[in-house]
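Visitor: structure, please.
(2 chains)
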Amino acid sequence: MAALQAAEKAPAIAVKPEAVLLRVENAFKYFPVSGLGGLAVRAVDGVDLEIRRGETLGLVGESGCGKSTLARLITALLPVTAGKITFDGQDITKLRGRRLRRIRQKMQMIFQDPYASLDPRMTVGDILQEPLDNFGIGSVGHRRRRVQELLRLVGLNPNFTNRYPHEFSGGQRQRIGIARALALNPSFIVCDEAVSALDVSIQAQIINLLQDLQKEFQLTYLFIAHDLAVVRHLSDRIAVMYLGKVVETADRNDIYERPQHPYTKALLSSIPVPDPKVERERAPITLKGEIPSPVNPPSGCRFHTRCPIARAPGVCSEQEPALEAHGAADQVAACHFAGQA
Amino acid sequence: MGQILLQVEDLHTQFFTSRGVVRAVDGVSLHIDAGETLGVVGESGCGKTITALSVLRLVPEPGRITSGKILFRGRDVTKMDDDEIRDFRGNDVAMIFQDPMTSLNPVTKIGFQIEEAMTAHKRFSAGLAKGRVVELLKRVRVPAAETRVKDYPHQFSGGMRQRAMIAMGLANEPALLIADEPTTALDVTVQAQIIQLMKQLNRELGTAMMLITHNMALVASLCQRVVVMYAGRVVEEGPVEQIFDSPQHPYTWSLLRSVPRVDEARKDRLVSIRGLPPDLVNSPAGCKFHPRCPFVVDRCKVEEPPLAEVAPDQVARCWVLMRNARQEDVDAAKTSALSVEAAQTLKAQAKVGGVAGS
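Guide: Numbers count the residues shown, from 1 in each chain, chains lettered A, B, ... in the order given. Reported below is the predicted structural model:
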């Protein structure tokens, strides 16, 4: 746990405090591993992040980098090991009971697998009415009407309330998942790989729907995905995670045009583009090796073992870089040699 | 390019289920030249994997090839006896699958599995095969190949497993490698490594490749020619550049516009294809794509268009063709939106009902 104390704090970004809906400050989540003598998987290892009202923040990174764990901390589905998460001015890590429930009403989640995230034994009507029942919203008649409106809103036939999830296709099920997330009129929705399991044409339908709904209801999204093209399309700002840490955050165009962290640069360069002419010229930066174990992350900068510009042994293997302003306004990166890749 | 290696002619593969006959592959014709990389694209259930499995005669029950020819160097695969087909698989054509974990045997060592692929086909003597394993792993850039041959699959990462699968596929020096979604299960940086490896192997060894994928970017990156499938049929085919530049079938056009590009700033909306792919037991009359097509005309509903030449080397199965589509239809297809009216109603209701805030 020495890392807990050692971790640096991010510099404050000049954004009006009321513009920030959710702030993550130095958050940690360790999962103890039995049989490893007190060792732990450091899934989230000192993360600073802010999500502004009405924006979509994209969160990208490879499998195992801690994206989903961070999402579960933010939605208070998992307790933090240490750190502070403020939503609408309230520290949600300290909330319990009724006050936690009231916050949960404001933040909802859309999951990746539309097959696993709907109860197969409940009708669609019951699935959508459950959140309304749980929070005792409106009369019974009102709830029924609301369920039909929700279905209409996500582009499904409002008379489908008596059907079961298996009667729907993957794309339609994802619409049901979205309708459920909207039921309580949340202000913040976490989309955890919400379009990854869908076929391309269906994926486009759902992406467009998410955008329409955001505009209509002034929603704030945290959009987690490994597909950077989709993330760039949907997000206003993008945060990149590597091995439990945020290594760079910037506006969606700045991050692509002038990535400051070598990992961001490599990640972006490795995505093929659906254009043969571009592809002929594209020179991906291939990273050597694989992601190290989050049980025992590398010393100093955790990316130094795979970094094309690392000075190791040297500053990169000895000193952990802080998340500091680099590049464009509103761009931060954690690298000793930011912008030099 | 070179001579024709594989020629599939009017292939029909059907599944006989209690629901009826599923026409998974419904009259597919395609060819692959020696040394060429062909991309086969389409959404889930369009028949691309079953086409590949048919080529190897590996169609699972209750499916079978009901008609058509599969000519490999002039020999008809559908007429081969058991010995011949055994010899053909692996020696002439090898296949690698999407999920490298489920296609490797978890209880035997990687090295042994690659060796087995060679000894089973008697192409290399037992002694020679052993030595070749390390050489193959080096060829697919597995670091420390000499020691890693003794590892079990679980000791390999996802990317390394896919490399081992490719090594196994290449073990008998096949003329054609069929890769079914080879990078879908991998992270982007690992995907980039595998793409680069496949490019290099195609250049170094001259192995022809059939890449089955839903990812248009992968096709742009790896392939020379592309076949677009929809509902068990080929709807468009041509050189990669031509297809990406001027797709003529509305399905190809929509597919290309439904994916965002990482190298472009945000456009307003993605083109989404309305509705769902058809049920292959009861596919629609006329053009199979007509219920979802933004450019549909009356003829599409009754008469299926033939696969006709639309440009040199490019064929498409469409009565309209994108170059003849009316501009207002194209614009409309680009801006299909959710009913704004529905959204307004809901918002009003929410306010009245006191759901907001609470």
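
Visitor: any idea which element residue B:94 lies in?
Guide: Assessed by DSSP states H and E, residue B:94 sits inside strand B:93-96.

Visitor: what helices and strands are in contact with that strand?
Guide: Judged by 3 or more Cβ pairs under 8 Å, 6 or more residues apart in numbering or on different chains; DSSP states H and E, the packing partners of strand B:93-96 are helix B:158-170, strand B:176-180. C-beta: built from backbone N, CA, C; applies to glycine.

Visitor: kindly reformat these as CSV and extend each row with mean pLDDT and mean neighbour count.
Guide: Shown next, in CSV, are the helices and strands packed on strand B:93-96 (pLDDT from 0 to 100; neighbours: other Cβ atoms under 10 Å in any protein chain shown):
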stretch, mean pLDDT, mean neighbour count
helix B:158-170, 88, 24
strand B:176-180, 93, 24
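
Visitor: hmm, residue A:274 is touching residue B:244, no?
Guide: Yes: here residue A:274 lies in contact with residue B:244, judged by Cβ atoms under 8 Å, at a distance of 6.9 Å.

Visitor: list the buried residues in the helix or strand containing residue A:144.
Guide: Element membership of residue A:144, judged by DSSP H and E, is helix A:140-153. Within helix A:140-153, the residues scored as buried using 16 or more other Cβ atoms under 10 Å in any protein chain shown are A:142-144, A:146-153.

Visitor: that one close to chain B?
Guide: Yes: part of helix A:140-153 sits near chain B under the criterion Cβ under 8 Å from any Cβ of the partner chain, namely A:142, A:145-146, A:149-150, A:152-153.

Visitor: possible to save those residues as TSV with pLDDT?
Guide: What follows is the residues of helix A:140-153 next to chain B, written out as TSV (pLDDT from 0 to 100):
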residue	pLDDT
A:142	93
A:145	93
A:146	94
A:149	93
A:150	94
A:152	91
A:153	90
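
Visitor: the residue in the stretch 51-200 of chain B positioned nearest to chain A: neighbouring residues, count only.
Guide: Residue nearest to chain A within the stretch 51-200 of chain B: residue B:192 (3.4 Å; Cβ to the nearest Cβ). Residues near residue B:192, counting by other Cβ atoms under 10 Å in any protein chain shown, number 25.

Visitor: same question for the one 5 residues further on.
Guide: Using other Cβ under 10 Å, residue B:197 is surrounded by 19 other residues.

Visitor: dump the residue contacts of it.
Guide: Residues near residue B:197 by Cβ atoms under 8 Å, 6 or more residues apart in numbering or on different chains: B:140-141, B:163, B:166.

Visitor: surely it is in a strand?
Guide: No: using DSSP: H, G, I helix; E, B strand; the rest coil, the secondary structure at residue B:197 is helix, not a strand.

Visitor: give me the common contacts of residue A:274 and residue B:244.
Guide: B:216, B:220, B:256.

Visitor: for my notes, confirm residue A:57 occurs in a strand.
Guide: Yes: judged by three-state DSSP, residue A:57 forms part of a strand.

Visitor: and the host helix or strand of residue A:189, what other elements does it pack with?
Guide: Taking DSSP H and E as the definition, residue A:189 sits inside strand A:188-192. Applying 3+ Cβ pairs under 8 Å, 6+ apart, one finds that strand A:188-192 makes contact with helix A:67-74, strand A:107-110, strand A:220-224.

Visitor: one more time with 10 Å
Guide: Using 3 or more Cβ pairs under 10 Å, 6 or more residues apart in numbering or on different chains; DSSP states H and E, the elements in contact with strand A:188-192 are strand A:20-32, strand A:56-60, helix A:67-74, helix A:97-106, strand A:107-110, helix A:170-182, helix A:200-217, strand A:220-224.
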